[in-house]
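Engineer: Fold the following and give me the result.
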Amino acid sequence: MRDLVRLIVWAVVDLFRSRVAIEAEILALRQQIIVLRRTAPKKQTFGAIDRLVFVGLYRVFPRVLDALAIVRPGTVIKWHRAGFRLYWRWKSRPRGGRPTVAPEIRELIREISIANPLWGAPRIHGELLKLGIDIGQTSVAKYMARRRDPPSQGWRTFLRNHADGIAAMDLFVVPTISFRLLYGLLIVGHGRRQILWFGVTAHPTAEWIANQITEACGWEQAPRYLIRDRDGAYGEVFIRRLRSMGIRDRPTSPRSPWQNGYAERLIGSIRRECLYHVVVFSERHLRHLLLSYMKYYNGARTHLSLEKDAPVSRAVDRAGHILCRPILGGLHHQYGRI
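Structural biologist: Model prediction:
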């Protein structure tokens with residue numbers, strides 16, 4: 001800074017000096033420069049003020065490059081360009097503008113766009129506003145997941161959309177205390193694994209099964225498809241009843257119980273959780289047991305496939321005392337708050 005002040009003072013003093021004195025001083029300075037170049041090291045060091053002076057003189061008098069002796073003209077031009085970049089970097093600095101989007105909000109936008117391939121930026125923006133997240137729609141479009149192909153639903157969504165219109169049925173045998181065989185008829189919906197109907201009889205005929213399907217589903221809420229095995233009890237009367245109700249009959253392949261997996265798995269649960277622990281006395285007793293289990297299964301029992309929820313969704317109770325209510329004489333229990 002002192003050198004810069006000294007240079008300015010000498011520039012002011014030169015305004016009042018004669019031309020002959022200035023020319024003599026210039027010759028003396030040139031001779032000193034020749035001596036210094038001969039004795040000084042080849043590489044010189046320049047401070048920020050030195051560079052500023054040279055660049056300023058170059059901007060005002062470009063022909064001053066011809067008088068440079070201890071620095072090359074290309075170096076001065078390089079200094080000038082570096083200063084130009086610093087100037088525009090300072091001029092283009094951020095001055096407020098839009099607030100930055102938090103990383104967790106960006107990740108949420110990406111997750112929503114991946115989970116809902118049919119949603120666009122306006123739809124996702126509306127959901128974020130309902131969640132109390134104040135963000136612009138253009139920012140939502142910026143952080144959405146990019147797709148090369150047109151949006152398409154996954155297999156899980158495709159199967160779930162069709163599961164509500166599918167029901168399955170099967171017969172199972174239960175021995176009584178007198179070794180008499182009773183037949184239970186199970187009808188289950190694929191949508192939320194809900195038990196739709198339990199029927200009990202000692203002689204399952206096609207007419208009886210046809211009446212059971214009518215009572216279970218009704219004429220207005222009948223499923224679109226019905227999965228069953230090829231048991232001989234499903235006769236022509238039963239098949240005609242399905243057609244009249246608008247239900248498409250879908251019998252499984254011979255000796256392929258895995259094709260009716262929901263009903264087979266549910267019958268196994270009924271045996272393990274109920275029938276293996278009681279002795280059935282009569283047809284009326286079995287019907288009472290199955291209806292009690294159906295009420296517990298649909299309204300209280302949680303399922304892994306339903307995200308730990310019951311087929312008839314249970315509300316979460318957070319206040320009150322916990323009350324335990326026995327089911328099936330204490331074989332199972334239902335918990336709630338009062």
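Engineer: now the helices for the stretch 101-250 of the chain?
Structural biologist: Using DSSP state H, counting those that start in this stretch, the helices of the stretch 101-250 of the chain run over residues 103-115, 121-130, 137-143, 155-163, 206-217, 236-244.
Engineer: Least reliable of those helices by average pLDDT, please.
Structural biologist: Set side by side, the helices of the stretch 101-250 of the chain show their lowest mean pLDDT on helix 155-163, which sits at a mean of 75.
Engineer: Of all the residues in that helix, which ones are buried?
Structural biologist: Burial within helix 155-163, assessed by neighbour count using 16 or more other C-beta atoms under 10 Å, is assigned to no residue. Every C-beta, even on glycine, is put in place using the N, C-alpha and C of the backbone.
Engineer: on that earlier part again, so which of the helices of the stretch 101-250 of the chain comes closest to residue 277?
Structural biologist: Taking C-beta to C-beta as the criterion, helix 206-217 is the member of the helices of the stretch 101-250 of the chain that comes nearest to residue 277, at 25.9 Å.
Engineer: Counting neighbours, which bits of stretch 134-143 end up buried?
Structural biologist: For stretch 134-143, burial by neighbour count (16+ other C-beta under 10 Å) applies to 135, 139, 140, 143.
Engineer: who touches that stretch?
Structural biologist: The contact list for stretch 134-143, computed with C-beta atoms under 8 Å, 6 or more residues apart in numbering, reads 98, 101, 105, 106, 109, 110, 121, 122, 124, 125, 128.
Engineer: From the residues you listed, list just the buried residues.
Structural biologist: Buried members of these, counted by 16+ other C-beta under 10 Å: 101, 105, 106, 109, 121, 124, 125, 128.
Engineer: ok, so of those, who is nearest residue 330?
Structural biologist: Minimum distance to residue 330 across the buried ones among the contacts of stretch 134-143 is 48.9 Å, recorded for residue 128 (C-beta to C-beta).
Engineer: close enough to count as contact, the closest one and residue 106?
Structural biologist: No: using C-beta atoms under 8 Å as the test, residue 128 is too far from residue 106 to be in contact (11.4 Å).
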